[in-house]
Structure formats: C-alpha cells, structure tokens
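In: how would this look folded up:
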Amino acid sequence: MKYRSSRGGVSGLGFRDAVMMGLATDGGLLIPHDIPDVTDKLASWSSLTFQELAINIMAEFIDDIPFEDLTLLVNRSYARFNHEKVTPVVQVGDFHLLELYHGPTLAFKDIALQFLGNVFEYILDDQQSCLNILGATSGDTGSAAIEGVRGKSNINIFILFPEGRTSPVQEAQMTTVPDANVFNIAVDGSFDDCQSLIKAIFSDMPFKQEYQLGAVNSVNWARVLAQIVYYFFAWYELDKPKTFDVSVPTGNFGDIFAGYLAKRMGLPIRKLILATNQNDILARFFQTGVYKRGDVHFSESPAMDIQVSSNFERYLYYALDGSCEEVSEFMADFLGEGVARLDFNTSEFDDSFLAGSVDDTETLKTIRSLYEQHNYLVDPHTAVGISVGNRLRTPDVPLLSLSTAHPAKFEGAISKAIPGHITSHESLEALEGLPKRKKRMGAEVGQIQAFIRQHGLR
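Out: Residues are numbered from 1 along each chain as shown. Okay, here's the model as predicted:
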C-alpha cells in the first residue's frame with residue numbers, strides 16, 4: 001500500500017514514511033492510493049478480539065512493518081485499556097453506544113494515539129533518529145498524545161491548546177505530566193488559531209526538516225487508520241446487522257472520516273450521521289454544499305468548537321473523484337475567501353452522510369433525559385451525537401452512536417444538566433493538587449518556533 005497527497009505533490013510513500021511526514025510537504029493530507037475491499041473477509045473476522053481485528057485491518061494498509069512486529073505494536077497499544085473489549089457496545093433504550101473512553105486518558109483519542117506513539121518509537125529506534133512532535137488540541141487530543149509518548153526516548157512533544165478554552169480536567173491531564181520530554185503551550189486564542197500555527201510551522205520546510213517535526217493531530221494518517229477498526233468491531237458486537245446507521249459527534253472530521261473509509265471498505269453502514277454543536281460548518285456543508293467559515297462559538301462541547309476541519313480535505317479528495325487539482329482549487333478558495341462550494345446536485349455525488357447540529361440547551365437536555373430515563377450518564381460531545389442521531393435516524397434501522405469521552409472529564413456540563421450530581425473517576429481525582437507546567441504565548445508563529453528551538457531535539 002502506497003500513500004499520496006490530496007493535492008498531488010507527493011505520491012508513492014510507504015506507511016512508515018507517511019507516518020513520519022504527517023502533513024504532506026505540499027500542504028495536503030496523505031491518503032492511501034487505494035481503499036481495500038474486505039467484503040470477502042468479514043465472515044472470517046467475526047470471532048476476532050479487538051486486537052486481532054486491528055492487526056488484520058491495519059495489515060491491509062501497512063506493508064513495510066512485518067506482521068509479527070505489527071502484532072506486538074497493537075497488543076502493546078491496547079494493554080492499558082480498562083475494558084477487555086477495548087471499545088465495548090452497550091444498549092441504551094432503543095439505540096446502542098460504542099464506548100470509546102476506556103483508555104488511559106478516558107477519551108477516544110487514546111485508541112489512535114497509543115498506537116501512534118508506539119509506531120513512532122518503533123520507527124525511530126530502527127532509524128536511530130529523533131523526533132519533535134508538534135500538535136494542537138481542543139481538549140482530548142493533547143492529553144492522549146502526551147500519554148502516548150511521555151517518557152519515550154528520542155521524542156519531545158509540544159502541545160498547543162487555547163488558554164482557558166479546554167475543561168479544567170483536560171488541562172490538568174496535560175499540564176500535570178512531569179516527564180521532561182513534554183511541553184505544553186497555552187495560546188491566547190481559539191483552537192483554530194492553534195491549528196493555523198501548526199500548519200504554518202509545518203509549511204516552513206527548512207524549520208520542519210531541521211527539527212524533525214512530526215504530527216500527532218488527526219492529519220496523521222495512522223490516527224485515521226486506528227479509528228477504522230472500531231467501526232468494524234462495533235458491527236460484530238451488534239451481531240452483524242444487514243445495515244446500520246452511525247452517529248458521530250465531530251469537529252475535525254477525523255473520526256467520521258474513518259467511518260466513511262470503513263463503509264467504502266465494505267462495512268454495511270447505511271448512513272453516517274454527522275453531528276456538530278453550534279459550530280456547524282460541517283453540518284451546513286453536508287446540507288448545502290457550501291463550506292463557509294464563521295466565528296468560533298465556545299460551547300459545553302469544546303472539542304467541537306472548530307470552524308476549520310483539519311480532515312475535511314481527505315473527504316474532498318474522494319468527493320471530487322480523486323482530482324488533486326480540484327481539491328487544491330477548493331481549498332485555495334476556502335483559505336482565501338473563507339468560503340468554497342461543491343455541487344451536490346449530481347447523480348454521481350456520494351450520499352453517505354446525513355448532518356445536523358444542536359445547541360448547548362439541547363445538549364444538556366439530552367444528558368439529563370438519558371440519565372433520568374436510563375440511568376446512563378454521557379459527556380456533552382456524546383450527547384450531541386445522540387441528539388442528532390435520534391433526530392435523523394430511520395425507523396427499523398439500528399442506530400449506533402459513538403461515545404467519545406468519560407463524563408467525568410466535563411464536570412461543569414454535567415452539573416448544569418443534572419444539578420447536584422457529582423461524577424468522578426479515580427484517575428482524574430489523582431490529578432488534584434499536582435503541580436502544573438505550561439508556557440503561555442501569543443498566537444504568533446515566531447514565538448512558538450523560538451520555544452521549539454530552545455527545547456527541541458536535534
């Protein structure tokens with residue numbers, strides 16, 4: 001399997017090179033040359049554990065890591081999850097939830113970032129080289145990325161997050177990590193500002209090469225690959241229905257794009273239901289074909305407080321039938337004018353998606369009603385997915401909704417939805433009182449680069 005850029009300037013990369021490159025050198029996103037059809041393998045995979053399924057699915061996309069080594073990497077990556085199934089499915093009323101928060105930082109990002117951290121270490125050991133990881137987070141990515149590489153030799157990690165815009169627990173999970181290879185940068189701005197800084201620094205090719213920069217954000221293909229696995233695993237857990245719908249709360253489009261690839265690989269997903277909060281740029285696009293940037297609205301589901309989706313370009317590549325030129329033109333229009341359009345009124349257009357959005361009032365109402373009716377507590381991002389999923393679902397088609405984080409990570413939203421209710425988790429309680437380390441900076445590329453020059457590996 002080889003990888004190419006969505007903008008056409010890079011092609012023929014192996015998996016290992018794609019992982020280390022992160023963002024393509026032409027500014028695009030790396031995607032596989034082909035999407036494997038695994039329809040004829042679905043029956044033989046039905047009795048596999050999550051880890052065994054992951055190894056088989058990943059092997060479809062990886063041909064430059066020996067199968068035995070890949071097996072060790074996968075098993076190591078999921079050894080710290082606190083549920084034997086890694087991503088169990090539970091029934092809540094008349095729908096099912098895929099619980100993705102049983103990893104070390106209690107968020108779905110662990111599933112990809114535990115794997116990516118081990119892959120980085122594997123490649124660096126083989127190459128006898130070092131890496132400076134640079135990432136931005138709106139909440140959970142930062143702590144999951146840090147947990148994936150903390151203490152690893154030959155890796156330093158620099159995480160940017162918007163000052164005051166993550167939950168207190170999310171910030172504590174990042175800033176209380178004492179390992180010397182971890183650096184947290186609190187940016188005065190929004191998450192979109194953090195993402196823009198990351199892209200600008202990665203676009204500075206001499207700097208990127210001098211400091212061996214690597215990406216952990218969902219621009220890194222390995223993250224999408226790891227997320228494909230749990231869509232297949234959930235289908236088996238649902239007892240292989242003829243078809244089913246999946247509702248995904250999303251801001252950066254990575255999680256739902258993994259589901260889109262699973263569908264193209266042969267998993268019988270009928271519709272992918274895209275759910276956003278009031279930052280609804282993605283929902284509006286899939287309703288109208290217009291991709292238009294707006295102002296960031298800070299919400300009770302902060303991981304989705306995004307107006308520029310970093311994985312959307314991967315979907316564009318397929319929506320535009322693999323035309324790198326059209327992808328580049330679309331992105332140039334969006335970056336230059338803040339708006340770009342795609343014609344949905346064609347017979348060839350892929351209708352895999354439904355989309356909707358909810359505001360904070362509806363989000364909190366969903367948390368409260370689920371708890372009152374089913375004694376089941378969800379975080380606000382999961383509540384967004386459930387609310388939109390139930391609104392857009394089709395009767396008699398099984399609905400699976402992705403549960404992306406443990407509710408204890410969002411104590412403020414839970415207390416608003418259910419006054420007096422206290423939710424906790426022992427791993428979060430252990431963070432109380434620990435010293436914090438972070439460097440506050442303005443949203444300026446020069447400041448970030450100077451900090452990396454001071455603390456980066458070379």
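In: longest helix anywhere in this structure?
Out: helix 109-127 (DSSP state H).
In: quick one: mean pLDDT over it.
Out: Helix 109-127 shows a mean pLDDT of 95.
In: what is the subsequent helix or strand relative to it?
Out: Later in the chain than helix 109-127, the nearest helix or strand by DSSP states H and E is strand 131-136.
In: just the angle between that next one and helix 109-127, please?
Out: Taking axes from the mean of the first three to the mean of the last three C-alpha atoms, to 10 degrees, one finds strand 131-136 and helix 109-127 inclined to each other by 160 degrees.
In: what's the offset of strand 131-136 from the middle of its chain?
Out: With C-alpha atoms, centre = their mean, to the nearest Å as the basis, strand 131-136 stands 16 Å off its chain's centre.
In: tell me how many other residues crowd the closest residue to residue 135 other than its chain neighbours.
Out: Nearest residue to residue 135, sequence neighbours excluded (C-beta to C-beta, 6 or more residues apart in numbering): residue 216, at 4.3 Å. All C-beta spots, glycine's among them, are computed from the backbone N, C-alpha and C. Neighbourhood size, residue 216 [other C-beta atoms under 10 Å]: 29.
In: isn't residue 216 up against residue 146?
Out: No - Residue 216 is beyond contact range of residue 146, at 9.2 Å (criterion: C-beta atoms under 8 Å).
In: buried set for the longest helix of the chain?
Out: Going by neighbour count (16 or more other C-beta atoms under 10 Å), the buried part of helix 109-127 is 109-124.
In: anything in contact with each of residue 216 and residue 146?
Out: residue 157 (C-beta atoms under 8 Å, 6 or more residues apart in numbering).
In: let's verify residue 410: helix, strand, or coil?
Out: helix (DSSP: H, G, I helix; E, B strand; the rest coil).
In: can you tell me how far it is from residue 371?
Out: Going from residue 410 to residue 371 by C-beta to C-beta, to the nearest Å gives 14 Å.
In: what's the answer for residue 163, then?
Out: For residue 163 relative to residue 371 (C-beta to C-beta), the value is 32 Å.
In: same thing with residue 177?
Out: Residue 177 is 32 Å from residue 371, by C-beta to C-beta.
In: which of those two has more neighbours?
Out: residue 177 (22 against 18).
In: wait, that one sits on residue 148?
Out: No - with contact taken as C-beta under 8 Å, residue 177 and residue 148 are classed as non-touching, separated by 11.3 Å.
In: residue 409 against residue 171, yeah?
Out: No - when contacts are counted by C-beta under 8 Å, residue 409 is not listed as touching residue 171 (10.9 Å).
In: and these two? Which one has more around it.
Out: Taking other C-beta under 10 Å, residue 409 and residue 171 do not tie; residue 409 has more neighbours (29 against 23).
In: now that one. Nearest residue, chain neighbours left out?
Out: Closest to residue 409 by C-beta to C-beta, 6+ apart is residue 169, at 4.9 Å.
In: assess the claim that the one you found and residue 411 are in contact.
Out: Yes - if you go by C-beta under 8 Å, residue 169 and residue 411 touch, sitting 6.8 Å apart.
In: between the two, who's got more neighbours?
Out: Higher neighbour count among residue 169 and residue 411: residue 169, with 22 against 18, using other C-beta under 10 Å.
In: for the more buried one, which three-state class applies?
Out: Quick answer, by three-state DSSP: residue 169 is helix.
In: report the contact partners of it.
Out: By C-beta under 8 Å, 6+ apart, the neighbours of residue 169 are 408, 409, 410, 411, 428, 431.
In: same question for residue 242.
Out: residue 268.
In: can you list phi and psi of it for me?
Out: phi -60, psi -40 (degrees, to the nearest 10).
In: for the longest helix of the chain, name the packing helices and strands.
Out: Secondary-structure packing of helix 109-127 (3 or more C-beta pairs under 8 Å, 6 or more residues apart in numbering; DSSP states H and E): helix 15-21, helix 67-77, strand 131-136, helix 140-149, strand 155-162, helix 221-237.
In: now render those as a markdown table, adding mean pLDDT and distance to residue 390.
Out: Below are those laid out as a markdown table (pLDDT from 0 to 100; distance: least, C-beta to C-beta, whole Å):
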| stretch | mean pLDDT | distance to residue 390 |
| --- | --- | --- |
| helix 15-21 | 95 | 37 |
| helix 67-77 | 98 | 33 |
| strand 131-136 | 93 | 32 |
| helix 140-149 | 91 | 24 |
| strand 155-162 | 96 | 31 |
| helix 221-237 | 97 | 18 |
